[in-house]
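> pasting the sequence and the predicted coordinates here, then a few questions.
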There are 2 protein chains.
Amino acid sequence: MSNLGLNRAQDRKQKERLERDELILNCAQTLLQRDGLHKLTMQAVAAMTEYSKGTIYQHYHCKEDLLGALVARCGDKLVGLLQKAATYDGSVRAKVALMSAAFFYNGRMQREVSSLVAMVKSEDFLQKVQADQQTRLKNIDNEIFRLACTTFYGAQGSKGKLTTQEIMDAAFGWWSMSWGINDVMNQNWDIKRLGFSDPMSFYFRSLTIFLDGLGLEPDSQLTSWNDVDAIAQMLFSHELAQCSDTPN
Amino acid sequence: MSNLGLNRAQDRKQKERLERDELILNCAQTLLQRDGLHKLTMQAVAAMTEYSKGTIYQHYHCKEDLLGALVARCGDKLVGLLQKAATYDGSVRAKVALMSAAFFYNGRMQREVSSLVAMVKSEDFLQKVQADQQTRLKNIDNEIFRLACTTFYGAQGSKGKLTTQEIMDAAFGWWSMSWGINDVMNQNWDIKRLGFSDPMSFYFRSLTIFLDGLGLEPDSQLTSWNDVDAIAQMLFSHELAQCSDTPN
DNA sequence: CTCTACATTTGACGCCGCGTCAAAAAATGA
DNA sequence: TCATTTTTTGACGCGGCGTCAAATGTAGAG
C-alpha cells in the first residue's frame, strides 16, 4: 500500500521530468528560431521555462547537451515523417518522392536546428553530449538508411528487380541527395539569385533523373512537384499544423 | 621621388597585411583541426601567430568574421579544384566525376572547416561577418553552379543535346548530391556501421546512376571509383600535397 | 642625430555567458 | 508538528570576447 503510493509518486516524478525535458527543448527551439544561436543562452532558456538555471542543468549537463537533444529530436521527427512516407500506398517513385518531401519539410520547419546538425555531429562537439544522446543521434542515420533500403527493396528496375548492391547504391544516393538538397534549399545558399524562382521543381526533377537512372518504372500520377506536394501536405498535415512558422 | 618611395612603402604594408591575413587563417585552421572549435579562442590564435589579440582584431572584427573567412577560403579552394576538374580533357562523365572528387577531397582535407559551413551560412551568423566576406561566400555558390552548368552544356543525352532546362536540372542535382555526399562522407555520420566498408565506391555508383538518368553516353575508361581516384590524385596532387593531414 | 607627427601594437580591463554549489525551499513521511 | 530527504535557486568563479588608452615603432623634416 505505502509501496504502491511510493511507486505512484515516483511515476509522477518521472512523468513530470519528461514533460519538463520537452518544455526546455521547446523553449530553447523557440529562442533559437526567433533570436538565433548567439542569443540562445542557458539563462534565457531558464527564464522562458520559468525555472532557474540550476534546474535546467539537471536535465542537460551543458549547452552542447541541450543542442544535441534539440538536433536529436529534430532527427526523430524526420524519421517519423520518413516512416509515414515509406508506408504510403503507392509506387516506389511515390514513396521516394514523399520521403524526399519529408526531408524538405522537416528542414523547412526547423531551419535553425537543421543548420546545427553538422556542428553537433563533429567529434569535438559530440563528446560533450550524454552517451545516450550520442547513440540516439547515430540511430537516426541507421534508421534513415534502413528505411531507404526497405523502400527500394523489391523495386522493379530496367533489368528486373534491383539487386542488393543496386538497392544499397540507390539508398545511399537518395540519402546524400536528399541531405544535400535539404542544405541547398533550407540553408542560406544564395539560390534565389541563381534563377531558381521555383526551387522545389528543381528538387523534383533531379530526383526524377536519379530514379530514371535506376530504371524505375514511371508513375503517371506524379509528373511534377505539385503532385508530390499535394500528397505530402495531406500526409504530413498533422506535423505541418504543429509548426506555426510562417514560410517566406 | 618621395612620392614613389611613399607608394612603395604602402605597397609593402599592403603585402604584409595580406600575408598576415593568411598567417592568421592558417593558425586558426591548425588550431581548429587539432583541438576543435571550443579550443579555438582568439587568444590562442594570437599566441600562435605571435601577435597580440588587438592585432588579430585589426584583421577580423570578431570571431565570426574569422570563421567566415576560414569557410570562404575553404570554398575558394573548392572552386579551384572544381575549375581544374571542369577543364579536364575527357568526357562529360569524367569531368563530372572529377568535380565530385573535388568536393570529396576538399571536404576531407578540411573536415572541421567544412562542418562549419552550415553554421556560417545561417542568417544569424552571417550578419556578423564583414560585408565583403558575405559576397565572397555567395559568389562561391554562384561559381560552383556556373561551373556545373558549363560542364553539362553541350552534353549528349539520350535524345540529343541536353536542353537548357535539363542542364540546369542536372547542375542542381549534381550540386546537391555532391554536397550531400560530402556531408555523409566527411562528417561524423555513422556510415561505417551501415556496411560501407568502401564508401567511395558508393559515392561513384550513385553518381553513375544519376548520370545514367540523364542519358549521358558511358565512359568506358571510368568504370569504378578507382579509375576516378587515380586521375583525381594526379590532377589534385599539388593541392593534396599541401595538406599534411593523415587520412584515417 | 633629434624631434615631431603619425601609425601600429599591446594587454589590462569590462562585460557576459557557462557551469557550480552551498543555502533555501519544498516535499515526504512518521 | 518536526525531522529527513529531495529539489530548486541564484550568487559566484572562471574564462573568453572585444575595447581602448597607453606604449612602442616608424617616417620624414630639420
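Nice, thanks for sending it over.
> is the helix or strand where residue A:150 lies in proximity to chain B?
Element membership for residue A:150, per DSSP states H and E: helix A:131-152. Yes - against chain B, helix A:131-152 shows contacts by C-beta under 8 Å from any C-beta of the partner chain at A:138, A:141-142, A:145. C-beta coordinates here come from the backbone N, C-alpha and C atoms, glycine included.
> so which of these comes closest to residue A:113?
Among these, residue A:141 lies closest to residue A:113 (C-beta to C-beta), at 16.4 Å.
> quickly check: the lowest-mean-pLDDT helix or strand in chain A near DNA strand D or not.
None of the helices or strands of chain A scores lower by mean pLDDT, DSSP states H and E than helix A:2-35, at a mean of 83. Yes - contact of helix A:2-35 with DNA strand D (C-beta under 7 Å from any atom of the strand) involves residue A:13.
> now for that helix, which elements pack on it?
Packing partners of helix A:2-35 (3 or more C-beta pairs under 8 Å, 6 or more residues apart in numbering or on different chains; DSSP states H and E): helix A:42-49, helix A:53-59, helix A:63-86, helix A:111-114.
> DNA strand D contacts on chain A?
Taking C-beta under 7 Å from any atom of the strand as the criterion, chain A approaches DNA strand D at residues A:13, A:51-55, A:57-58.
> go again using 6 Å as the cut-off
Within chain A, the residues that sit near DNA strand D (C-beta under 6 Å from any atom of the strand) are A:13, A:51-55, A:58.
> could I get these in a markdown table, plus columns for neighbour count?
Listed next are the residues of chain A next to DNA strand D as a markdown table, based on neighbours: other C-beta atoms under 10 Å in any protein chain shown:
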| residue | neighbour count |
| --- | --- |
| A:13 | 10 |
| A:51 | 17 |
| A:52 | 11 |
| A:53 | 12 |
| A:54 | 8 |
| A:55 | 13 |
| A:58 | 10 |
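> farthest-apart pair in these, please.
A:13 and A:53 (20.9 Å).
> nearest residue to the residue nearest the centre of chain A other than its sequence neighbours?
For chain A, residue A:78 is the residue whose C-alpha lies nearest the centre (C-alpha atoms, centre = their mean; 2.8 Å). In space, and not counting its chain neighbours, residue A:78 is closest to residue A:106: 4.4 Å by C-beta to C-beta, 6 or more residues apart in numbering or on different chains.
> report all helices and strands that the one helix or strand the one you found maps to contacts.
Using DSSP H and E, residue A:106 falls within helix A:92-109. For helix A:92-109, the elements it packs on are helix A:63-86, helix A:131-152, helix A:164-186, helix A:199-214, helix A:225-235, helix A:237-242, judged by 3+ C-beta pairs under 8 Å, 6+ apart.
> rerun that using 7 Å as the cut-off
Helix A:92-109 sits against helix A:63-86, helix A:131-152, helix A:164-186, helix A:199-214, helix A:225-235, with contacts defined as 3 or more C-beta pairs under 7 Å, 6 or more residues apart in numbering or on different chains; DSSP states H and E.
> using PDB, list the CA coordinates for it.
Taking Å, rounded to 0.1, in the frame of the first residue of the first chain, the C-alpha atoms of helix A:92-109 are listed here in PDB:
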ATOM      1  CA  VAL A  92       8.200   3.200 -55.300                       C
ATOM      2  CA  ARG A  93       8.700   6.500 -57.100                       C
ATOM      3  CA  ALA A  94       5.800   8.000 -55.000                       C
ATOM      4  CA  LYS A  95       7.300   6.700 -51.800                       C
ATOM      5  CA  VAL A  96      10.700   8.000 -52.600                       C
ATOM      6  CA  ALA A  97       9.400  11.400 -53.600                       C
ATOM      7  CA  LEU A  98       7.400  11.600 -50.400                       C
ATOM      8  CA  MET A  99      10.400  10.700 -48.400                       C
ATOM      9  CA  SER A 100      12.400  13.500 -50.100                       C
ATOM     10  CA  ALA A 101       9.500  15.800 -49.300                       C
ATOM     11  CA  ALA A 102       9.800  14.700 -45.700                       C
ATOM     12  CA  PHE A 103      13.400  15.900 -45.700                       C
ATOM     13  CA  PHE A 104      12.400  19.100 -47.300                       C
ATOM     14  CA  TYR A 105       9.500  19.900 -44.900                       C
ATOM     15  CA  ASN A 106      11.400  18.900 -41.800                       C
ATOM     16  CA  GLY A 107      14.300  21.100 -42.800                       C
ATOM     17  CA  ARG A 108      12.000  23.900 -43.500                       C
ATOM     18  CA  MET A 109      10.100  23.600 -40.300                       C
END
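> could you give the angle of that helix to helix A:225-235?
Interaxial angle, helix A:92-109 versus helix A:225-235 (axes from the mean of the first three to the mean of the last three C-alpha atoms, to 10 degrees): 70 degrees.
> residue ranges in chain A under the pLDDT threshold?
A:1-9, A:188-196, A:244-248 (pLDDT under 70).
> distance check, the closest residue to DNA strand D within it against DNA strand C.
In chain A, the residue that lies nearest DNA strand D is residue A:54 (2.1 Å; C-beta to the nearest atom of the strand). Taking C-beta to the nearest atom of the strand, to the nearest Å as the measure, residue A:54 falls 4 Å from DNA strand C.
> list the contacts of the closest residue to residue A:204 other than its chain neighbours.
Spatial nearest neighbour of residue A:204, chain neighbours left out: residue A:225 (3.7 Å); criterion: C-beta to C-beta, 6+ apart. Residue A:225 is in contact with A:200-201, A:203-204, counting by C-beta atoms under 7 Å, 6 or more residues apart in numbering or on different chains.
> who wins on neighbours among those?
Most neighbours among those, by other C-beta atoms under 10 Å in any protein chain shown: residue A:203, with 29 neighbours.
> excluding its backbone neighbours, what's nearest it?
Residue A:203 sits nearest to residue A:181 (C-beta to C-beta, 6+ apart), 5.5 Å away.
> just checking, residue A:44 touches residue A:32?
No - with contact defined as C-beta atoms under 7 Å, residue A:44 does not reach residue A:32; the gap is 10.1 Å.
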